[in-house]
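> can you look at this prediction? I've put the sequence above it.
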Amino acid sequence: MAAPVVSLRGVEKRFDTGVTALAPIDLEIGRGEFVSLLGPSGCGKTTLLRIIAGLSEPSEGERHLTLACADRGPAARGRIGFVFQDPTLMPWSTVLGNVLLPLRLSGRVGPAERERAAAELRAVGLAGFERAYPRQLSGGMRMRVALARALVTDPDLLLLDEPFAALDEITRMALNDDLLRLWEGRRATVVFVTHSVFESVYLSTRIAVMTARPGRIAADLAVELPQPRERSLRTASGYAAICAAVSAHLSRAMSAAEPR
Amino acid sequence: MRRRGRFWRVAAPLAVGAALLVLWQAIVHLENVPPYILPGPVAIARALWTDGPSLLVSLLVTLRITLAALAAAAILGGAIALLFSLSRVLALSLFPYAVILQVTPIVAIAPLIIIWVQQPFLALLVCAWIVAFFPIVSNTTLGLNSADRNLLALFRLYGATPAQTLRYLKLPTALPYFLAGLRISGGLALIGAVVAEFVAGTGGAETGLAFRILEAGYRLAIPRLFAALFLLSMTGIVIYLVIDFLSRLILRHWHESAVEEEEE
């Protein structure tokens, strides 16, 4: 079997304030998986995601990534895509300029790069908005720009930190479908942080349920639903049953944790 | 609705100004106040008309010092801020001295500077610069350190070099801060130039507007003094408006301060 894309062994995180954010965590994520990290607010999901990205160092334990290129150095540039809770766009730059950023940081920007960024914008449904500025877009459209920016380098590993949490339900469902379509077209490995049971079941092939702080992985569940996911799934009985099961795991994980 | 708002924004202050001028002239006229105590607006306008050309020549002298000081404040102030943002040690050790320079009354040290710096134009320039540079340094330093944390993380994730982070993230973030500093410094450069001229006296063959004010005071040519003051305030207002216009032009696409209200 091929080496897992993400391999965490005994990863712990303590902050200087003495707060333990993550209890020892072991997690392996294989190529092409769509894994949701599901848990209550403040359980360390974001911290875990930042450790996977290499934006934060674990206090204990090891993190290892196996990407198409080496996971350090310039060759690794753009092998990881990251989407934050907020769109985190540069307000002074056009939509196209924002999507071009990862390419610009790893070399010169020519017509080929511009075309690639424009193609990515078309893929997220923003054709024609290249020259708009972020402030002229709605929240959902800004998030699409952030998604296009994360995808423009064609990353092996896409990390998303509750990207749709601040959006309204309708926009959120549309973006969920778009994200699935984009993922199915590329088969990148995805780690998706969320606190929504329905979202995690709808999107993922696997769900890691986390406890409240200090975060541990309480349950590691495979989602046995047909691929590719269809919209009709949202009303299917199998979907509801899995949601109920995951909810049960989640409430067990929360009651097992120390009282807050 | 919007057009009417714009009309009143211009008309209301103008109406107040006109009313005050009429009141001023009426008091001077009815109370028979002698012009060397308080000249009326009409006398001042007359002085502006007769002495205008020679006052304008003096204004150009002052304006040259002001603009040179402002340019030096923008360039050196920006450079100092950049150094401060690159090195925390440098910022910690030098910032207090920038503050000391800022709080020292320029009137007190201007005579020294005029003795030390032989060239009169340069001496006045240094005085005006000392008054004007601080807002740019402090604002730009703040701006350079205000980059969005998540964007910084993103730059790290993509392996950006420090130069790339500066160029694509920190400098654009700092631009509105720099421009806000420039707006304050514009007025301060003029004040600095005038104060320095007051202390330096003639300072050479050319005389600036500040010296003309002093001279008019000595000769009790009070209407001319007021006319020179009027020119000075107008210059300050024009400098402010030009910088304000430029900063709106530069930031019009993205910064909240410069974006036009949405048409409903």
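Yes, it's here.
> distance of the closest residue to residue B:76 other than its chain neighbours relative to chain A?
Spatial nearest neighbour of residue B:76, excluding adjacent residues (CB to CB, 6 or more residues apart in numbering or on different chains): residue B:133 at 6.3 Å. C-beta coordinates here come from the backbone N, C-alpha and C atoms, glycine included. From residue B:133 across to chain A, the span is 25 Å (CB to the nearest CB, to the nearest Å).
> and residue B:133, what does it touch?
Taking CB atoms under 8 Å, 6 or more residues apart in numbering or on different chains as the criterion, residue B:133 is in contact with B:72, B:73, B:76, B:77, B:80, B:185.
> repeat for residue A:80
By CB under 8 Å, 6+ apart, the neighbours of residue A:80 are A:53, A:54, A:65, A:67, A:155, A:156, A:157, A:158, A:159, B:157.
> which among these gets closest to residue A:34?
residue A:158 (9.2 Å; CB to CB).
> list the beta-bridge partners for that closest one.
In this entry, residue A:158 is beta-bridged to residue A:81, residue A:190, by DSSP bridges.
> for the helix or strand hosting residue B:25, packing partners?
Element membership for residue B:25, per DSSP states H and E: helix B:2-31. Counting contacts by 3 or more CB pairs under 8 Å, 6 or more residues apart in numbering or on different chains; DSSP states H and E, helix B:2-31 is packed against helix B:41-86.
> state the mean pLDDT of the helix it packs on.
Average pLDDT, helix B:41-86: 92.
> any idea of the angle that helix forms with helix B:2-31?
Helix B:41-86 runs at 130 degrees relative to helix B:2-31, counting by axes from the mean of the first three to the mean of the last three CA atoms, to 10 degrees.
> what separates the residue nearest in space to the middle of chain A from residue A:189, distance-wise?
Residue closest to the average C-alpha location in chain A (CA atoms, centre = their mean): residue A:160, at 2.0 Å. Residue A:160 sits 12 Å away from residue A:189, taking CB to CB, to the nearest Å as the criterion.
> list the buried residues in the one helix or strand residue A:112 maps to.
According to DSSP H and E, residue A:112 maps onto helix A:111-123. Buried positions in helix A:111-123, judged by neighbour count with 16 or more other CB atoms under 10 Å in any protein chain shown: A:113, A:116, A:117, A:118, A:120, A:121, A:123.
> go on, stretch B:134-150?
B:134-145, B:147-148, B:150.
> for that stretch, what is the average pLDDT?
Here the average pLDDT along stretch B:134-150 is 94.
> residues contacting it, please?
A:84, A:86, A:88, B:73-74, B:77-78, B:80-82, B:84-85, B:91, B:95, B:98-99, B:101-102, B:165, B:169-171, B:173-178, B:180-182, B:184-185, B:188.
> how about the residues of chain B that lie near chain A?
B:148, B:150-151, B:153-160, B:164, B:168-169, B:172, B:175, B:253-255, B:259 (CB under 8 Å from any CB of the partner chain).
> hey, C-alpha coordinates of the strand or helix carrying residue A:22 in CSV?
Element membership of residue A:22 [criterion: DSSP H and E] is strand A:20-29. Taking C-alpha atoms only, strand A:20-29 is exported to CSV below (Å, rounded to 0.1, in the frame of the first residue of the first chain):
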residue,chain,number,x,y,z
THR,A,20,-3.4,21.6,26.3
ALA,A,21,-5.1,21.9,22.9
LEU,A,22,-4.4,18.4,21.6
ALA,A,23,-4.0,15.2,23.5
PRO,A,24,-1.8,12.6,21.7
ILE,A,25,-3.3,12.1,18.2
ASP,A,26,-2.5,9.4,15.7
LEU,A,27,-3.9,9.8,12.3
GLU,A,28,-3.1,8.5,8.8
ILE,A,29,-4.8,9.9,5.7
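> among the buried residues of stretch B:134-150, name the ones in helices.
B:134, B:135, B:136, B:137, B:138, B:139, B:140, B:141, B:142, B:143, B:144, B:150 (DSSP state H).
> who's in contact with residue A:34?
So residue A:34 contacts A:183, A:189, A:190, A:192, A:203, A:204, A:205, A:206 (CB under 8 Å, 6+ apart).
> distance of the nearest residue to the first one once chain neighbours are set aside relative to residue A:106?
Using CB to CB, 6+ apart and skipping the chain neighbours, the partner closest in space to residue A:183 is residue A:190 (5.7 Å). Using CB to CB, we find residue A:190 at a distance of 22 Å from residue A:106.
> neighbour-wise, which of those two wins?
residue A:190 (25 against 19; other CB atoms under 10 Å in any protein chain shown).
> any stretches of the chain with poor pLDDT?
No chain specified, so I'll use chain A. Filtered on pLDDT under 70, chain A yields the residue ranges A:1, A:69-77, A:256-260.
> look at chain B instead
In chain B (pLDDT under 70), the answer is B:1-3, B:201-205, B:260-264.
> the residue of the stretch 101-250 of chain A at minimum distance from chain B: what's it in contact with?
With CB to the nearest CB as the measure, residue A:105 is the residue of the stretch 101-250 of chain A nearest to chain B, at 4.4 Å. Counting by CB under 8 Å, 6+ apart, residue A:105 makes contact with A:77, B:155, B:158, B:159, B:160, B:164, B:168.
> swap the cut-off to 10 Å and go again
For residue A:105, the contact set (CB atoms under 10 Å, 6 or more residues apart in numbering or on different chains) comprises A:77-78, A:153, B:154-155, B:157-161, B:164-165, B:168.
> likewise for residue A:153?
A:77, A:78, A:79, A:80, A:81, A:102, A:103, A:105, A:106, A:116, A:120, B:158.
> can you check residue A:248 too?
Counting by CB under 10 Å, 6+ apart, the residues that residue A:248 touches are A:197, A:209, A:219.
> ditto for residue A:137
With CB under 10 Å, 6+ apart, residue A:137 has these contacts: A:87, A:89, A:95, A:126, A:129, A:143, A:144, A:145.
> now do 7 Å
Contacts for residue A:137 (CB atoms under 7 Å, 6 or more residues apart in numbering or on different chains) come out as residue A:129.
> could you do residue A:8 as well?
Residue A:8 neighbours (CB under 7 Å, 6+ apart): A:25, A:26, A:27, A:61, A:63.
> the third one contacts residue A:215, doesn't it?
No. Counting by CB atoms under 7 Å, residue A:27 does not reach residue A:215; the two are 11.3 Å apart.
> what parts of chain A come near chain B?
Taking CB under 7 Å from any CB of the partner chain as the contact definition, chain A meets chain B at A:53, A:55, A:74, A:77-78, A:80, A:82, A:84, A:86, A:88, A:90-92, A:102, A:104-106, A:133, A:135.
> torsion angles phi and psi at the residue of the stretch 101-250 of chain A closest to chain B?
Main-chain torsions, residue A:105, degrees, to the nearest 10: phi -70, psi -20.
> what's the answer for residue A:161, then?
phi -110, psi 90.
> residue A:86 is in contact with that one, correct?
No. Counting by CB under 7 Å, residue A:161 does not reach residue A:86; the two are 9.5 Å apart.
> those two - which one has more neighbours?
residue A:161 (22 against 17).
> find the nearest non-adjacent residue to that one, please.
residue A:193 (4.9 Å).
> three-state assignment of that neighbour?
strand (DSSP: H, G, I helix; E, B strand; the rest coil).
> ok, it to residue B:96 distance?
For residue A:193, the distance to residue B:96 - CB to CB - is 44 Å.
> could you break chain B into its assigned domains?
For chain B, automatic domain parsing gives the domain ranges B:1-32, B:38-251.
> looking at these, which is buried most?
domain B:38-251 (a mean of 18; mean count of other CB atoms under 10 Å in any protein chain shown).
> please compute how far the longest helix anywhere in chain A lies from its chain's middle.
Secondary structure of chain A per DSSP H: the longest helix is helix A:237-256. Here the centre of helix A:237-256 is set off from its chain's centre by 21 Å, with CA atoms, centre = their mean, to the nearest Å.
> identify each buried residue in it, please.
Going by 16+ other CB under 10 Å, helix A:237-256 has these buried residues: A:239, A:242, A:243, A:245, A:246, A:249, A:250, A:253, A:254.
> would you agree the second one is in contact with residue A:202?
No. Contact status for residue A:242 versus residue A:202: not in contact, 9.6 Å apart, counting by CB under 7 Å.
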